[in-house]
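**Student:** Sequence and predicted structure, then a few things I'm wondering about:
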Amino acid sequence: MKVEIHHYLPGRIRLHYNKNKYTSKQAILATTLIAVQEGIIDIDVNTHIGSFLVCFEESVISKQELINLFKALTGKYLNDKKLLAEVQDIPESESIFGVIVQTLAIHYFKKWFLPIPLRHCILFVKIMPRVLKAIYSSLTENFFNTDLLDATALIVASVIGDRQTASNINMLLGMGEEIEEITKKRSYDNLAHQLLNMDDKIQKIEGDEEKTVSISSVKVGNLVAFRAGTQILVDGIVERGEGMVNQASITGESMPVEKKQGAPVFAGTIVEEGEIFVTVKSIGNDTKVNNIIQMIDSSQNLKAAAQKRSEEFAQKIVPFNFLLTALTWFVTRNIRKTVSTLMVDYSCAMKLSAPISVLSAMQEAAKMGISVKGGKYLEAVASADTVIFDKTGTLTYANPTVNMIYTFEKESKDKVLTLAACLEEHYPHPLGRAVVEAAKKKNLIHPEHHTKVEYIVAHGIVSKLNDKKTCIGSAHFIFEDEKIPLTEQVKEIQRKEMDIGNSLLYLSYDGKLIGIIAIGDPVRPDAKDAICSLKRLGIKQTIMITGDTEGAAKKIAKQTGIDKFHAHALPEDKVKFVEKEKKAGHQVIMIGDGINDAPALSAADIGISIDGATPIAGDTADINLSNDGLQNLVTVRLLGQELLKRMYFNDRIIIGINSFLLAGGIIGFIPPTLAAIFHNTATIGISLSSMRPLLPENSGNLGELR
């Protein structure tokens with residue numbers, strides 16, 4: 001590879017290479033191969049201008065030896081398909097301002113210093129790819145398209161001899177395409193950054209050594225290490241070690257998942273405990289999270305209807321540009337006015353600003369712990385009129401707590417709780433864990449004075465204490481199986497507690513009932529405010545559907561302000577109810593967290609899983625709320641509504657500006673070059689504006705909606 005010294009300081013050198021001879025990937029590959037050489041501190045490449053910036057230790061490697069390293073990079077290395085396949089995409093380091101300055105500098109250098117015949121040859125070479133692209137697009141896609149508009153303007157200007165206008169138009173088109181690519185890539189990168197927020201250093205294992213290296217130097221098949229508190233930067237398989245990994249950014253699970261030998265791990269997840277050594281399977285743009293981002297933008301099925309409408313309108317309006325051009329020529333017979341109408345179209349800005357708006361909204365959601373699997377779901381959540389809630393784990397925490405202890409036979413509450421915890425700790429289940437946790441909070445010590453503990457499925461636990469039979473369990477177990485008398489006092493307690501949704505555990509000792517423990521599932525503190533805020537944001541009805549008892553459902557509905565509730569529901573009942581609401585003309589959001597909610601999440605117009613959801617619920621849901629509970633349901637509703645407002649506003653601005661430019665061109669007020677400048681400036685400006693946050697800071701705060 002031939003390089004020339006452009007600038008040199010001790011330990012720092014800038015080298016230029018022929019960017020027309022070497023591809024961007026070959027230049028990136030060269031940096032990778034040079035970077036690992038002894039004495040190289042750092043190396044960067046600018047593929048736009050064709051230069052390397054190298055920092056090196058002169059005590060280890062001289063300037064000439066460095067140049068010889070580049071010379072040694074022959075086609076054997078730079079044309080190696082396997083090596084090129086592993087090269088990452090070009091890092092986006094150029095700014096929009098830099099592109100503008102550089103493009104203008106090159107354009108005017110050619111204009112001022114190159115002879116006219118050579119300039120004409122260069123213009124022909126530059127125009128031909130656009131003409132061929134237009135022909136291909138017309139034959140394979142819609143006949144009338146923006147590529148054909150651009151090519152027609154260039155051909156007409158060249159044929160009539162106005163090569164200066166043709167050159168200016170071609171320069172502006174190229175500049176616009178580069179800036180559009182940077183803008184859209186930046187929106188991808190912003191979304192990826194929020195989902196990944198990745199470091200650029202990684203611990204690489206080489207033999208018995210562990211080295212801190214740049215992530216860009218890691219290849220598929222390398223062994224890398226991640227420890228507690230670090231983020232996983234690659235997709236791979238655990239080679240050895242064990243750890244607990246938080247996968248909320250990928251799956252929506254809020255609880256860490258155990259990872260050991262043979263288990264897959266994904267970029268963007270976090271090691272919370274332990275140490276794992278991972279064999280790299282995918283890196284950079286090939287990781288799962290980047291594939292998700294690409295899929296989100298490219299899949300028509302996941303695009304918001306507003307985005308698709310903008311893109312379809314943009315495509316349908318192109319033929320009218322040609323019709324307007326023909327009419328302008330027929331009426332004015334002025335070629336400059338005619339070319340001006342070819343330089344302005346509605347398609348570019350609409351096709352660029354719509355996806356950027358959606359990607360930016362998804363990035364904003366990710367920043368707040370909301371994982372959205374496609375733009376269409378943001379639109380759906382914005383326009384829905386019905387929200388159906390699962391109860392346990394959604395409106396409540398699914399973390400039962402002891403609410404009340406009733407005692408009999410002159411026993412104390414502490415003794416009843418101590419004995420109950422002593423039995424329940426052997427067979428953990430939700431109600432049993434609540435008992436054990438309550439005893440722990442009161443610092444009650446429960447020594448093992450009882451004999452062997454026996455668990456009777458769906459009934460309770462039996463043991464002996466001081467040779468006296470001791471039982472804890474359900475009413476059926478205590479009063480029917482154990483024949484403990486069911487008194488009126490106990491019946492009154494049952495009515496009272498079950499009416500407010502509490503579950504009851506009964507404790508007997510030596511054939512007598514000595515205690516009843518009432519256990520409830522606490523309501524999320526933000527549930528009532530969230531439901532109130534959703535109604536203020538246009539939700540017409542809120543419904544709770546649960547497999548729990550009528551009493552429990554009624555209590556939760558009253559506490560949270562739910563409009564309707566349905567109790568004793570099986571998973572298939574939830575699906576039927578969702579479908580019933582949809583058939584009634586409602587657009588339905590279903591929000592849940594459990595395996596039994598997954599079918600209903602799938603059946604709804606939009607399924608949302610809340611923090612703590614099971615993996616299957618998270619995978620089935622269209623939106624995952626990883627933190628902030630139900631408050632993020634309000635936030636995602638706001639976000640969707642603001643996204644729609646922005647997209648409609650952008651469309652109106654695009655139509656207004658470009659209509660003005662077309663009118664200006666027809667009457668001769670705006671010449672072709674100026675029309676192209678204004679058109680590209682408007683397109684870029686609207687696209688950049690689409691990247692702004694939709695919600696002001698803390699706008700998702702429930703208090704602001706009361």
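**Tutor:** Sure thing, it's come through.

**Student:** buried set for stretch 3-14?
**Tutor:** When burial is assessed from 16 or more other Cβ atoms under 10 Å, stretch 3-14 yields the following buried residues: 3, 13-14. For glycine as for every other residue, the C-beta is placed from the backbone atoms N, C-alpha and C.

**Student:** Give me the subset of the residues you listed lying in strands.
**Tutor:** 13-14 (DSSP state E).

**Student:** Just put the buried residues of stretch 3-14 in CSV and tack on pLDDT and distance to K452.
**Tutor:** Supplementary listing: the buried residues of stretch 3-14 in CSV, determined by pLDDT from 0 to 100; distance: Cβ to Cβ, whole Å:
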residue, pLDDT, distance to K452
V3, 87, 81
I13, 85, 80
R14, 79, 80
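
**Student:** Distance to V101 added to the buried residues of stretch 3-14, as TSV?
**Tutor:** Supplementary listing: the buried residues of stretch 3-14 in TSV, determined by distance: Cβ to Cβ, whole Å:
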residue	distance to V101
V3	24
I13	24
R14	18
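
**Student:** Return the member of the buried residues of stretch 3-14 nearest to N624.
**Tutor:** R14 (46.7 Å; Cβ to Cβ).

**Student:** ok so, going back, out of the buried residues of stretch 3-14, which one sits closest to D573?
**Tutor:** Sorting those by how near they are to D573, with Cβ to Cβ, puts R14 at the top with 70.4 Å.

**Student:** Counting neighbours, what do you get for D529?
**Tutor:** In terms of burial, D529 registers 20 neighbours under the definition other Cβ atoms under 10 Å.

**Student:** looking at this, it is in a helix?
**Tutor:** Yes. Following the definition DSSP: H, G, I helix; E, B strand; the rest coil, D529 is counted among the residues of a helix.

**Student:** could you measure it against K583, distance?
**Tutor:** Using Cβ to Cβ, to the nearest Å, we find D529 at a distance of 31 Å from K583.

**Student:** what about V224, helix or strand, and which?
**Tutor:** Here V224 is covered by strand 223-227, with elements defined by DSSP states H and E.

**Student:** Counting by contacts, list what that strand packs against.
**Tutor:** In terms of contacts (3 or more Cβ pairs under 8 Å, 6 or more residues apart in numbering; DSSP states H and E), strand 223-227 is packed against strand 201-206, strand 235-246, strand 270-282.

**Student:** Make CSV from those strands and add mean pLDDT and mean neighbour count to it.
**Tutor:** Below are these laid out as CSV (pLDDT from 0 to 100; neighbours: other Cβ atoms under 10 Å):
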stretch, mean pLDDT, mean neighbour count
strand 201-206, 87, 17
strand 235-246, 89, 19
strand 270-282, 86, 19
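
**Student:** and these as TSV, adding distance to D597?
**Tutor:** As requested, these are arranged in TSV below (distance: least, Cβ to Cβ, whole Å):
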stretch	distance to D597
strand 201-206	38
strand 235-246	22
strand 270-282	26
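
**Student:** List the contacts of the nearest residue to I237 once chain neighbours are set aside.
**Tutor:** Excluding the flanking residues, the one nearest I237 by Cβ to Cβ, 6 or more residues apart in numbering is T279, at 5.2 Å. Applying Cβ atoms under 8 Å, 6 or more residues apart in numbering to T279 gives the contacts 221-223, 236-237, 239.

**Student:** can we see that at 6 Å?
**Tutor:** Contacts were defined as Cβ atoms under 6 Å, 6 or more residues apart in numbering; by that measure T279 touches 223, 236-237, 239.

**Student:** Report the two of the residues you listed separated the most.
**Tutor:** In terms of Cβ to Cβ, the contacts of T279 reach their longest pairwise distance at L223 and I237, which sit 10.5 Å apart.
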